[in-house]
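1. Sharing a model that was predicted from the sequence below.
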Amino acid sequence: MDKTLFFDTTCSGHRSSYDLSLMKGVSQVREVLFVSKITNQMSVSLEEEGIQYVSITTSKKHHLLHDLSLLIQMVRIARRSKIKHIHLLYLDSLLILLLILAPFLWIFNFKITGTLHWSPNKFIKRLLLKILILGKTLQNIVVHGDYTKDRIRELLGNRREDCVFSIPYPHLHNTGQTNPENGLPPDERARIEQLERPFLLLFGGLRYDKGADLLIESLKHIQNRRFTLLIVGKEEYFDHQFIERELEGTELKNHVFLKLGYVPDEEVSYYFAMTDAVVLPYRRIFTGQSGPLTEGAANRKFIIGPDHGELGYTIKTYDLGFTYAVEDTNDLANMIQTYIDIFNSDPNQLKPSGFDFYKGIVSEQHFWHRYQEFFTKVAS
């Protein structure tokens, strides 16, 4: 059986879930060795699945030197293990380093593949990706959606277009076995159940590109409507103080529920099971696929997201909800108000036709199957 080395610069948070699921699926058809900065929790999971691993570390602090140090260690491990195929699980942050190491990778005759999670929106990253693919330092890449696949093919000028393989981003929570009653302590659950519906969920880390400020600004325009905005996730660019300042003195303050901080898996399942809609106020610079979109659609929740990039393509192609003009707070307000009005008058209209099909293509089994197809293709 062929053996592939999988490499990631970190395996914490959602990346650990993604990496572990991918390797569980691929290990059914080929041998796997995982090399990364492996946490204790991840090592337990890998051992339970029978996946070989090597944990590496570095004292370098600068992100480029940090990742370069780990890459060099990984290459040495690949050589010692006599593994020729290396798959980079998070290609996005490694483009410049791959170009630096390209001569050594060529000398050692490695086959390099990788997963690109975001479509590059900066000229330098697009140029680096083009050089790496056309120069065959990168043999094949996986992206998460047909929109991104088409953009990469355009970048390549229709050369080596068969090297880009699309695999939908997976839904990795077991929705079918989720009991919403088990998600939160009874007192907290009771408090939420007293809030006004519909529930609009903004879930995930409050990064700048995910546009929490745009959503708050848009909702200030909505008057005389009943709803609750649930902001659930980790403080990052935007924090609790920022949100409180934005809400101070506004009617919107009475319509917002905040739950900021780390959200364990059982609570993730609860919030997506009980919400009515998932709102994605993402900025134009966000060019990847969205975990909350996948989670929401798998739970048959109405999606309100931008008409831009992979997100807009997914919502419109699979009929998952409404789209609005990206970064346009007035249009976002109009879409949310339309949703609220229909929810209160004829909620049966808010049952898009695409949920069942989309849930199938983002299942973990489909994710495994597509990655197995990818590695079979690469090995041929």
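-> Received it, and whenever you're ready, just let me know what you need. Numbers count the residues shown, from 1 in each chain.
2. I'd guessed residue 233 sits against residue 203; true?
-> Yes. Under the criterion of C-beta atoms under 8 Å, residue 233 makes contact with residue 203 at 5.7 Å. (Glycine included, C-beta is placed from N, CA and C.)
3. which neighbours do these two share?
-> With contacts taken as C-beta atoms under 8 Å, 6 or more residues apart in numbering, residue 233 and residue 203 have residue 263 as neighbours in common.
4. May I see the domains of the protein written out as residue ranges?
-> Listed by automatic domain parsing, the domain ranges of the chain are 3-170+363-379, 175-361.
5. Redo those domains as JSON lines? Include mean pLDDT and mean neighbour count.
-> Formatted as JSON lines, the domains of the chain follow (pLDDT from 0 to 100; neighbours: other C-beta atoms under 10 Å):
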{"stretch": "domain 3-170+363-379", "mean pLDDT": "93", "mean neighbour count": "17"}
{"stretch": "domain 175-361", "mean pLDDT": "90", "mean neighbour count": "18"}
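6. Which helix or strand contains residue 4?
-> Using DSSP states H and E, residue 4 falls within strand 3-7.
7. where do the strands sit along the stretch 201-350 of the chain?
-> 228-233, 256-260, 277-279, 302-306, 321-324 (DSSP state E, counting those that start in this stretch).
8. ok, back up a step: ok, the strand holding residue 4: who's next to it in the sheet?
-> Strand pairing for strand 3-7, using DSSP bridges, gives strand 31-36 (parallel), strand 85-88 (parallel).
9. And those strands: which comes nearest residue 155?
-> Closest to residue 155 of these, according to C-beta to C-beta: strand 85-88, at 18.4 Å.
10. ok, and what's touching that closest one?
-> 2-8, 74-75, 78, 94, 98, 110-115, 378-379.
11. and what of stretch 165-176?
-> Against stretch 165-176 from outside (C-beta under 8 Å, 6+ apart): 17-18, 21, 140-146, 148-149, 265, 268-269, 272-273, 289-291, 294-295, 297-299, 359, 361-364, 366-367, 370-371, 374, 377.
12. Then stretch 96-115?
-> Against stretch 96-115 from outside (C-beta under 8 Å, 6+ apart): 64, 67-68, 71-72, 75, 78-79, 84-91, 94, 128, 131-132, 135, 137-144, 378.
13. thinking again about what came up before, any idea how far the following helix or strand past the strand holding residue 4 is from the chain center?
-> Later in the chain than strand 3-7, the nearest helix or strand by DSSP H and E is helix 14-26. On the basis of C-alpha atoms, centre = their mean, to the nearest Å, helix 14-26 sits 13 Å off its chain's mean C-alpha point.
14. Alpha carbons only: can I get helix 14-26 in CSV?
-> Taking C-alpha atoms only, helix 14-26 is exported to CSV below (Å, rounded to 0.1, in the frame of the first residue of the first chain):
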residue,chain,number,x,y,z
HIS,A,14,-11.2,23.3,13.7
ARG,A,15,-8.0,22.3,11.8
SER,A,16,-7.5,19.3,14.1
SER,A,17,-11.1,18.0,13.3
TYR,A,18,-10.5,18.5,9.6
ASP,A,19,-7.0,16.9,9.6
LEU,A,20,-8.2,13.9,11.7
SER,A,21,-11.3,13.2,9.5
LEU,A,22,-9.3,13.5,6.3
MET,A,23,-6.7,11.0,7.5
LYS,A,24,-9.3,8.6,8.9
GLY,A,25,-10.8,8.5,5.4
VAL,A,26,-7.6,8.3,3.4
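15. Compute the inter-axis angle for that helix and strand 3-7.
-> Angle of helix 14-26 versus strand 3-7, following axes from the mean of the first three to the mean of the last three C-alpha atoms, to 10 degrees, is 170 degrees.
16. Tell me the helices and strands packed up against helix 14-26.
-> Here helix 14-26 touches strand 3-7, strand 31-36, helix 40-49, helix 364-379, going by 3 or more C-beta pairs under 8 Å, 6 or more residues apart in numbering; DSSP states H and E.
17. so what does the longest one touch, helix or strand wise?
-> Contact here means 3+ C-beta pairs under 8 Å, 6+ apart; on that basis helix 364-379 packs against helix 14-26, strand 140-143, strand 164-166.
18. Recalculate using a threshold of 10 Å.
-> For helix 364-379, the packing partners by 3 or more C-beta pairs under 10 Å, 6 or more residues apart in numbering; DSSP states H and E come out as strand 3-7, helix 14-26, strand 85-88, strand 111-116, strand 140-143, strand 164-166, helix 355-361.
19. Quick one: the ones you listed as TSV, columns for distance to residue 220 too.
-> Below are the helices and strands packed on helix 364-379 laid out as TSV (distance: least, C-beta to C-beta, whole Å):
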stretch	distance to residue 220
strand 3-7	45
helix 14-26	31
strand 85-88	43
strand 111-116	37
strand 140-143	36
strand 164-166	38
helix 355-361	31
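20. Of the ones you listed, give the one that comes closest to residue 187.
-> Set against residue 187 and scored by C-beta to C-beta, these come closest in helix 14-26, at 28.6 Å.
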